[in-house]
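Sequence first, predicted coordinates after that:
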Amino acid sequence: MTSENTRADMRRHSPVGRTRKRCAPPHERRRYPSDLNERQWRCVEQLVSAPRRSDASPLRDVADAVNYRWHTGCSWRMLPHDFPPWSTVYTHFRRWRERGMLSDIRAAVLTTRRG
């Protein structure tokens with residue numbers, strides 16, 4: 001293998017400068033302790049569901065990412081890469097906050113029993 005091929009392989013596999021278009025499919029995404037359980041998701045889904053583009057990130061993954069950030073306190077750009085892109089998650093977070101839905105979402109997550 002030539003050094004040029006090695007450099008090309010390194011660029012192709014390097015995360016620097018790459019942007020993700022979509023999050024991992026739900027069956028491939030890593031599960032986190034902060035992820036919403038089914039009961040929590042049903043409560044949140046009633047609050048956030050609306051007609052959306054067919055290529056949009058799944059709302060459950062967005063809600064899981066927001067909840068992950070609430071649990072960890074990480075910055076938006078430090079969300080794990082198997083969630084939707086941080087800018088997508090932040091856009092939904094901002095819209096929900098501007099519409100006054102964020103406190104209802106947080107209350108639904110906190111008051112719904114886990115397990």
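Cool, got the structure.

leaving aside the residues next to it on the chain, what's closest to residue 32?
residue 68 (5.7 Å; C-beta to C-beta, 6 or more residues apart in numbering). All C-beta atoms are positioned from the backbone trio N, CA, C, and that covers glycine.

Ok, residue 33 next?
Of all residues not flanking residue 33 in the chain, residue 71 sits nearest, at 7.6 Å (C-beta to C-beta, 6+ apart).

per-residue confidence averaged over the one helix or strand the one you found maps to?
For residue 71, the host element (DSSP states H and E) is helix 59-72. Average pLDDT, helix 59-72: 94.

how about the CA coordinates for that helix, as PDB?
The C-alpha atoms that make up helix 59-72 are tabulated as PDB, following Å, rounded to 0.1, in the frame of the first residue of the first chain:
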ATOM      1  CA  LEU A  59     -38.500  12.800  17.400                       C
ATOM      2  CA  ARG A  60     -37.900  10.100  20.000                       C
ATOM      3  CA  ASP A  61     -34.100  10.300  19.300                       C
ATOM      4  CA  VAL A  62     -34.300  14.100  19.600                       C
ATOM      5  CA  ALA A  63     -36.200  13.800  22.900                       C
ATOM      6  CA  ASP A  64     -33.700  11.200  24.100                       C
ATOM      7  CA  ALA A  65     -30.900  13.600  23.200                       C
ATOM      8  CA  VAL A  66     -32.500  16.500  25.100                       C
ATOM      9  CA  ASN A  67     -33.000  14.200  28.100                       C
ATOM     10  CA  TYR A  68     -29.400  13.000  27.900                       C
ATOM     11  CA  ARG A  69     -28.300  16.700  28.000                       C
ATOM     12  CA  TRP A  70     -30.500  17.300  31.000                       C
ATOM     13  CA  HIS A  71     -29.000  14.300  32.800                       C
ATOM     14  CA  THR A  72     -25.400  15.000  32.000                       C
END
